[in-house]
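# Fold the following.
(one chain, ligands or ions: 1)
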Amino acid sequence: MKLGTKLIHAGVEPDPSTGAIMTPIFQTSTYVQQAPGQHKGYEYARTQNPTRDALQNALAAIENGKHGICFGSGLAATDAVIKLLAPGDEVIASADLYGGTYRIFTKVFARYGIKFHFADLQNADNLLNYVNEHTKMIWVETPTNPLLNIIDIAACAALARDRNILLAVDNTFASPYLQNPLDLGADLVVHSATKYLGGHSDVVHGAVIVKDDALAQQLAFIQNSCGAVPGPQDCFLVLRGLKTLHVRMQRHCENGETVARFLRQHPKVGKVFWCGFEDHPNHAVAQKQMRGFGGMISFTLQDDSMEAALKVLSGTKLFSLAESLGGVESLIGHPASMTHASIPREERMKNGLVDSLIRLSVGIEDAEDLVKDLEQAIG
Ligand SMILES: *Cc1c(COP(=O)(O)O)cnc(C)c1O
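Residues are numbered from 1 along each chain as shown. Predicted coordinates for the structure are as follows:
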C-alpha cells in the first residue's frame, strides 16, 4: 500500500460496537472485567487504550515499522528511548540538535551517568572519533534544526550495525512523507507529533516507531512503567492530522521552495539554509534519502545585527512569531532567543547559530501572500 492510502486507512477499523467510521475517543481510565483476569484485552488506560492503539498501528505502518509506541510529547518519547540505556553507556549525538533534546541529554540524563558526545555527523565517519566499547546509541536529527544540515542515515546505520550500536533518528522535520529512517537502517524513529504529524498546532504528542519486537517490548514496558502516556483526545487529533499529511507536505514543499528562492535573491538577505538548493553542501545526500525538501528554512540578514533580525521578526503579518513548526500556518522564530535558548551561547555560535538567524516554518497558505509578507517585513 502507498503512503497516501496508509495515512487514511492504516490502523483504523470502524468501531465494532457502533460502526463509527472514525476511531472514537475512548475517554476512560479503566475497563470492566467479566471475572478477575477475564477481559477484552483492556484493563487500565495507562497500559492500553483503543484510540491510542489505532494511532500506534497507523504510525508503525507509515514509518514502515512494526510497532508504534506513543507518548505525551516528543520529549517524553526521547526520554523513553534514552531509558533503554544504563549508567556508563555512551551516546553519540549529532551537533545542532533541537534545544530540548540537548537539554534532556545534558541536564537530565547526564546526571544518571549516561555520557553524551556531540559530533558533526555531516561526515558519518566522524562517528569513529567517538566510538568506544561503551557506545550504545547514535542519535541523529536530519534535517537539523535550525541549520537544515543533512546527515546520511544509511552511512550512520552501516557504522552502527557492525558495532551493535542502536541508531535513533528524530524524523520530526522530514516526516514520513519525505523520509523513512527504518528503511535506511535505523533502529528507532522518534517523532514530535506536535509538528507535521499533528499538523494543526493543536496538540502536543510524541512517538517512537521500531521494527524489532524485543525493542518494542522494552519501550512498551517503559511507556507503562514511567507513565508518560498521551490522552485519548490527543491521540485522536494526531490520527486526524495524519489523514492529510501527504496533501499538506506536498504544499509545504512547494511553498518552501518558492520562499527559499525568493529569499536567496533578496539583496538584504545573507545566507539562506534550505536543503533543496543544488549548492547546499549535503544536497546529494538529501536527494538520495528524502523525497522532497520540506518547508523549513533559515536565513540571516546582510545586516548581521540582533536589531535587524528583531525588525523582521516583529514586521511579518502572516508569519506569526512563535515557537514550534509543522502546522498549516506559517511561523517565524528566532532560535537564539526561543527554541535554542537552552543551549549556551558559546555552544550555539560554534554550530553557526548566530544571533541574527531567523527560522521559518512555511505553512500551506498561498505562496504569493507569504512572499509578499516577507518582502514588506524585510523592507
Ligand atoms: C519539537 C521537537 C521535539 C520535542 O517535541 P515536543 O513534542 O515539543 O516535546 C523534538 N525534536 C524536534 C526536532 C522538535 O522539533
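# make it CA atoms for all contacts and neighbour counts henceforth
Will do.
# Can you give the contact residues for stretch 12-24?
Residues from elsewhere that reach stretch 12-24, judged by CA atoms under 8 Å, 6 or more residues apart in numbering: 51, 54-55, 58, 236.
# who in the stretch 101-250 of the chain is up against the ligand?
Contact residues (CA under 6 Å from any ligand atom) of the stretch 101-250 of the chain with the ligand: 172-173, 192, 194, 204-206.
# Next one, pLDDT for whichever residue of the chain sits closest to the ligand please.
Nearest residue of the chain to the ligand: residue 74, at 3.4 Å (CA to the nearest ligand atom). Predicted confidence (pLDDT) for residue 74: 98.
# Now do the contacts for it.
190-194, 204-207.
# again, only using 10 Å
Residues near residue 74 by CA atoms under 10 Å, 6 or more residues apart in numbering: 80, 100-101, 170, 172, 190-195, 204-208.
# Could you do residue 358 as well?
146, 272, 297-301, 309-310, 312-313, 332-336.
# Across the sheet, point out what pairs with it.
Per DSSP bridges, the residues bridged to residue 358 are residue 299.
# Quick one, grab the pLDDT at it.
On the pLDDT scale, residue 358 is placed at 96.
# Please identify which pair of the contacts of residue 74 lies farthest apart.
80 and 195 (19.0 Å; CA to CA).
# returning to that earlier point: lowest-confidence one in the contacts of residue 74?
Lowest in pLDDT among the contacts of residue 74 is residue 100, which has 92.
# Does that one touch residue 324 like I think?
No - contact between residue 100 and residue 324 fails when scored by CA atoms under 10 Å: they sit 11.7 Å apart.
# List the ones among the contacts of stretch 12-24 that fall in helices.
51, 54-55, 58, 236 (DSSP state H).
# how about those residues in a markdown table, adding neighbour count and distance to residue 84?
Shown next, in a markdown table, are the ones in helices among the contacts of stretch 12-24 (neighbours: other CA atoms under 10 Å; distance: CA to CA, whole Å):
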| residue | neighbour count | distance to residue 84 |
| --- | --- | --- |
| 51 | 23 | 26 |
| 54 | 20 | 24 |
| 55 | 27 | 23 |
| 58 | 25 | 24 |
| 236 | 22 | 28 |
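# any idea which of the residues you listed is closest to residue 129?
residue 58 (38.1 Å).
# Now do the contacts for that closest one.
Taking CA under 10 Å, 6+ apart as the criterion, residue 58 is in contact with 6-12, 52, 64-68, 239, 242.
# mind running it again at 7 Å?
By CA atoms under 7 Å, 6 or more residues apart in numbering, the contact set of residue 58 is 10-11.
# how near is it to residue 47?
In this view, residue 58 and residue 47 are 18 Å apart by CA to CA, to the nearest Å.
# All the helices of the protein, residue numbers only.
Secondary structure of the chain by DSSP H: the helices cover 3-9, 50-62, 74-82, 99-103, 153-161, 175-178, 213-226, 232-242, 245-265, 283-289, 306-315, 345-350, 367-378.
# Residues touching the fourth one, excluding its own?
By CA under 7 Å, 6+ apart, the surrounding residues in contact with helix 99-103 are 75, 339-340, 342-343.
# at 6 Å what do you get?
340, 342 (CA atoms under 6 Å, 6 or more residues apart in numbering).
# Off-centre distance for that helix?
Distance of helix 99-103 from the chain centroid (CA atoms, centre = their mean, to the nearest Å) equals 13 Å.
# and what of the last one?
The gap between where helix 367-378 is centred and where its chain is centred comes out at 27 Å by CA atoms, centre = their mean.
# May I see the domains of this structure written out as residue ranges?
Here the domain parsing of the chain from automatic domain parsing is 3-242, 246-378.
# Give me the neighbour count for residue 130.
For residue 130, the tally of surrounding residues (other CA atoms under 10 Å) stands at 15.
# now the residues of the stretch 101-250 of the chain next to the ligand: which count as buried?
For those, a burial check counting by 16 or more other CA atoms under 10 Å picks out 172-173, 192, 194, 204-206.
# ok, so of these, who is nearest residue 132?
Within these, proximity to residue 132 (CA to CA) peaks at residue 172, which comes in at 28.5 Å.
# Once you drop chain neighbours, what's closest to that closest one?
Spatially, and ignoring its direct neighbours in sequence, residue 172 is nearest to residue 191 (4.9 Å; CA to CA, 6 or more residues apart in numbering).
# Kindly tell me how buried the one you found is, as a neighbour count.
Neighbours of residue 191 (other CA under 10 Å): 29.
# Spell out which parts of the stretch 251-379 of the chain neighbour the ligand.
Residues of the stretch 251-379 of the chain lying near the ligand by CA under 6 Å from any ligand atom: none.
# one more time with 8 Å, if that's ok
324-325 (CA under 8 Å from any ligand atom).
# what about residue 355, distance to residue 98?
16 Å.
# mind putting the ones in helices among the contacts of stretch 12-24 in a markdown table, pLDDT included?
Below are these laid out as a markdown table (pLDDT from 0 to 100):
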| residue | pLDDT |
| --- | --- |
| 51 | 98 |
| 54 | 98 |
| 55 | 98 |
| 58 | 98 |
| 236 | 98 |
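# Among these, which one lies nearest to residue 293?
Nearest to residue 293 among the ones in helices among the contacts of stretch 12-24, counting by CA to CA, is residue 58 at 23.6 Å.
# Which ones among the contacts of residue 74 lie within strands?
Using DSSP state E, 170, 190-192, 206-208 are the members of those that sit in strands.
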